[in-house]
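Enquirer: structural data only, the sequence is not supplied:
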């Protein structure tokens, strides 16, 4: 994605989407936004903030499952604040990277966890 377009979309999200979610969400709800999952042996190239090693992703999922109830993004957005005893989390992937589809989704499936993939 062109850097100017990306920057504009990030500003739009910060200006409109985040305040909306903040009004709708209890403080105990989070959305984890990933981009790409890569094999452990890969030397990560490019923007390191976009790529996470598969073992680190697994560890994060295990930790998340021990602290939060993982729900779909739609369910998280429709929760009524205060109606749920434990904190909720939704998992998303931006840009449908190959590693998100081939490496992350099987890890989620093994754990029975929902996720949302945004395809550009």
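Expert: Structure received. Please read all numbers here as calculations on a predicted model, not as lab measurements.
Enquirer: how many neighbours does residue 48 have?
Expert: Residues near residue 48, counting by other C-beta atoms under 10 Å, number 8. Where you see a C-beta, it was placed from the backbone N, CA and C, and this is true even at glycine.
Enquirer: got it, and the one 4 residues further on?
Expert: Per other C-beta under 10 Å, the neighbour tally for residue 52 reads 22.
Enquirer: give me the below-cutoff pLDDT ranges for this structure.
Expert: For the chain, the stretches with pLDDT under 70 are 1-27, 81-84.
Enquirer: the strands in this structure, which residues?
Expert: 29-34, 36-38, 51-53, 69-70, 88-94, 116-118 (DSSP state E).
Enquirer: out of those strands, which one sits most buried?
Expert: strand 36-38 (a mean of 23; mean count of other C-beta atoms under 10 Å).
Enquirer: including distance to residue 59, could the strands of the chain go into TSV?
Expert: As requested, those are arranged in TSV below (distance: least, C-beta to C-beta, whole Å):
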stretch	distance to residue 59
strand 29-34	13
strand 36-38	12
strand 51-53	9
strand 69-70	15
strand 88-94	14
strand 116-118	21
